[in-house]
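Enquirer: need a 3D model of the sequence below.
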Amino acid sequence: MPPAIESILQSPVNRVQGFLGPGHVCAVMGYREYEPIVARCPVPIVITGFEPLDLLEGTLMTVRQLEEGRAEVENQYSRIVQREGNRVAQDLVNKVFEVCDRKWRGVGSIPKSGYKLRDEFRDHDAERLFNVQEIATKESETCISGLVLQGVKKPHDCPVFGTQCTPEHPLGATMVSAEGACAAYYAYGRHLQSRKPEPAAAQELEATR
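Expert: Below you'll find the predicted structure:
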C-alpha cells in the first residue's frame with residue numbers, strides 16, 4: 001500500500017487530501033511504513049477499521065487533521081492494529097514472498113508495490129506454471145477509474161457510470177470491489193441523483209404532470 005499511496009500523491013493532477021489506511025493490511029504490517037510518506041508529502045493517514053463507527057471516526061479524525069493543519073499517521077483501529085504490526089505473520093510472509101513491481105488497474109505499474117513467490121517456491125508459482133507473465137490486461141477505453149482513484153474525477157463524471165459500468169458488469173477497479181468509490185456511489189443511489197433525464201424522458205415526465 002505505501003508505494004501505491006506515494007504514486008497517487010506524486011501525480012501532478014492528484015487532489016487526494018487524506019487517506020483511510022487499510023486496517024486488515026496494517027493488522028499484519030503495522031503502520032510504521034506510512035510515517036515516512038507523511039514526512040515527505042504532508043497528508044493525513046488514519047488507520048481505520050471496517051465497522052460503521054470505525055469509518056465515521058476515521059473520517060472525523062482525518063477532517064480534524066485537515067482543519068487543524070496537521071498531517072500525521074493516526075491509528076483509529078487501535079484495538080487490533082499495533083505500530084509494529086504482527087511480527088509472526090510478517091516473518092511468515094517474508095519467508096514465502098519477496099517484493100516486486102506490480103501493475104494496478106487504472107493506474108499502471110508501480111515499483112515495489114506487490115509480492116511474488118520466492119525462487120525456492122517456484123514449483124508452486126502459478127505465474128510460471130501457467131505462463132501468464134506476458135498477458136496484458138486491457139483497460140476499458142471509456143472507464144476513468146484511474147482519475148477517480150486520484151481524486152481528479154467523481155464516479156458520476158464517467159460517461160459509462162451506472163449504465164455500461166455497474167457492480168454486476170464492472171469496467172474498472174473502483175466498481176469491482178464493494179469498497180470502491182464507484183461501487184459505493186452506485187450502491188447509495190448517487191448515480192440516480194447526479195444524472196439528468198434524457199430529453200425524451202424529460203418531455204414524457206413533463207407530459208404526465
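
Enquirer: test my guess that residue 76 contacts residue 61.
Expert: Yes: counting by CB atoms under 8 Å, residue 61 is a contact partner of residue 76 at 5.8 Å. Bear in mind the C-beta positions are built from the backbone N, C-alpha and C, glycine included.

Enquirer: those two: who's more crowded?
Expert: With neighbours defined as other CB atoms under 10 Å, residue 76 and residue 61 compare such that residue 76 has more, 23 against 19.

Enquirer: show the contacting residues for that one.
Expert: 46-49, 54, 57-58, 61 (CB atoms under 8 Å, 6 or more residues apart in numbering).

Enquirer: just among those residues, which is most surrounded?
Expert: Within the contacts of residue 76, neighbour counts (other CB under 10 Å) peak at residue 47, which reaches 27 neighbours.

Enquirer: just to revisit the earlier point, where do the contact lists of residue 76 and residue 61 overlap?
Expert: residue 46.

Enquirer: tell me which of the contacts of residue 76 fall in helices.
Expert: Secondary structure from DSSP state H places 54, 57-58, 61 of the contacts of residue 76 in helices.

Enquirer: low-scoring stretches of the protein, by residue?
Expert: Within the chain, the set of residues satisfying pLDDT under 70 comprises 133-137, 190-209.

Enquirer: residue boundaries of the helices in it?
Expert: Per DSSP H, the chain has helices spanning 2-9, 23-29, 35-40, 52-68, 87-96, 126-129, 145-149, 173-176, 181-187, 190-194, 199-207. These are given in chain order.

Enquirer: in JSON lines, list these along with distance to residue 106.
Expert: Below are the helices of the chain laid out as JSON lines (distance: least, CB to CB, whole Å):
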{"stretch": "helix 2-9", "distance to residue 106": "11"}
{"stretch": "helix 23-29", "distance to residue 106": "19"}
{"stretch": "helix 35-40", "distance to residue 106": "20"}
{"stretch": "helix 52-68", "distance to residue 106": "23"}
{"stretch": "helix 87-96", "distance to residue 106": "26"}
{"stretch": "helix 126-129", "distance to residue 106": "21"}
{"stretch": "helix 145-149", "distance to residue 106": "4"}
{"stretch": "helix 173-176", "distance to residue 106": "5"}
{"stretch": "helix 181-187", "distance to residue 106": "10"}
{"stretch": "helix 190-194", "distance to residue 106": "19"}
{"stretch": "helix 199-207", "distance to residue 106": "31"}
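
Enquirer: out of those, which gets nearest to residue 162?
Expert: helix 190-194 (3.4 Å; CB to CB).

Enquirer: measure stretch 103-113 end to end?
Expert: 8 Å (CA to CA, to the nearest Å).
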